[in-house]
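K.L.:
following is a predicted model, sequence given first.
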Amino acid sequence: MAQRGHHHVASSQKALMLELKSLQDEPVEGFRITLVDESDLYNWEVAIFGPPNTHYEGGYFKARIKFPMDYPYSPPAFRFLTKMWHPNIYENGDVCISILHPPVDDPQSGELPSERWNPTQNVRTILLSVISLLNEPNTFSPANVDASVMYRKWRDSKGKDREYAEIIRKQVLATKVDAERDGVKVPTTLAEYCVRTRAPPADEGSTLFYDDYYDDEELDDDDEEEGEDCCYDEDDSGTEDS
């Protein structure tokens, strides 16, 4: 048994080292990853920059990813350290998202086993899911019922009920103190947000969802035009030719 445990640790450490290197060589837009402690591969600190043209623009959100010893066979836990008001984030900062749930069959949850964790998922897919979730909450089984009700009011009123949006803007403003203390310059334009160290043409899968994400009708009206021409395509041609 001890032998098996040792094998898990060795293989999870190898997997985490490879992922960390890949994320440092080819960062996910809007994220910065560091180890909480250089000697511990199982605890990562994540800085998330709010995407421009969304309610989260200019925000600096801190989170932790804690990996199990048998990663990637079991999912990590993702917890925000920054206070977040969101239908799928618990009071303590834990993120409730199907990709982080073990793949057991649970009809109560409304999730299909295929939407849950499996060993082909990785930190990159988690980060993209989290940023997608920020802007498009899942109100089916909310972790924060009050936030969910408020988000639905905002969505159903086509943005006329501003309460949800106002709370998020307040939280974004509150993160400026953290950013100053950490000496971080938060990107506020798409050009700054989209800076990459290198973008190999081979890896196109990770950016595909951005087009849908920014063409969503839930963006504020005055953000609509700005969001159309975007830098998320791998070929940097934007989503439309102007």
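P.N.:
Good, I have the coordinates. Predicted model, so just to flag it, every value in this text is computed and none were measured.
K.L.:
any idea how far residue 156 is from residue 168?
P.N.:
Distance of residue 168 to residue 156, given as C-beta to C-beta, to the nearest Å: 17 Å. The C-beta positions use only the backbone N, C-alpha and C, and glycine is treated the same way.
K.L.:
between the two, which one's more packed in?
P.N.:
Using other C-beta atoms under 10 Å, the more surrounded residue of residue 168 and residue 156 is residue 168, with 22 against 10.
K.L.:
quick check: which element contains the more buried one?
P.N.:
helix 163-181 (DSSP states H and E).
K.L.:
average pLDDT across that helix?
P.N.:
Averaged across helix 163-181, the pLDDT comes to 94.
K.L.:
residues in contact with that helix?
P.N.:
50, 55-62, 82-85, 147, 150-151, 153-154, 159, 185-186, 220 (C-beta atoms under 8 Å, 6 or more residues apart in numbering).
K.L.:
roughly how far is the longest strand along the chain from the heart of the chain?
P.N.:
In the chain, taking DSSP state E as the definition, the longest strand is strand 40-49. With C-alpha atoms, centre = their mean, to the nearest Å as the basis, strand 40-49 stands 12 Å off its chain's centre.
K.L.:
kindly report the same for stretch 125-135.
P.N.:
For stretch 125-135, the distance to the chain centre is 3 Å (C-alpha atoms, centre = their mean).
K.L.:
list the buried residues in it.
P.N.:
126, 127, 128, 129, 130, 131, 133, 134, 135 (16 or more other C-beta atoms under 10 Å).
K.L.:
nearest to residue 143 among the residues you listed?
P.N.:
Closest approach between the buried residues of stretch 125-135 and residue 143, by C-beta to C-beta: residue 133, at 10.8 Å.
K.L.:
and the closest one, helix, strand or coil?
P.N.:
helix (DSSP: H, G, I helix; E, B strand; the rest coil).
K.L.:
quick check: it vs residue 66, distance?
P.N.:
18 Å.
K.L.:
contacts only, for residue 154.
P.N.:
Counting by C-beta under 8 Å, 6+ apart, residue 154 touches 161, 162, 163, 164, 165.
K.L.:
which SS state does it fall under?
P.N.:
Recorded secondary structure, residue 154: helix (three-state DSSP).
K.L.:
low pLDDT regions in this protein?
P.N.:
1-7, 104-114, 195-242 (pLDDT under 70).
K.L.:
mind listing what the nearest residue to residue 42 once chain neighbours are set aside touches?
P.N.:
Nearest residue to residue 42, sequence neighbours excluded (C-beta to C-beta, 6 or more residues apart in numbering): residue 67, at 4.6 Å. Shown in contact with residue 67 (C-beta under 8 Å, 6+ apart): 12, 16, 41, 42, 43, 44, 76.
K.L.:
one more time with 10 Å
P.N.:
By C-beta atoms under 10 Å, 6 or more residues apart in numbering, the residues touching residue 67 are 12-13, 15-16, 19, 40-44, 74-77, 123.
K.L.:
before we move on, back to that, the helix or strand that the longest strand of the chain is followed by: which residues count as buried?
P.N.:
Counting by DSSP H and E, the next helix or strand C-terminal to strand 40-49 is strand 60-66. Under the neighbour-count criterion of 16+ other C-beta under 10 Å, strand 60-66 has 60, 61, 62, 63, 64, 65 buried.
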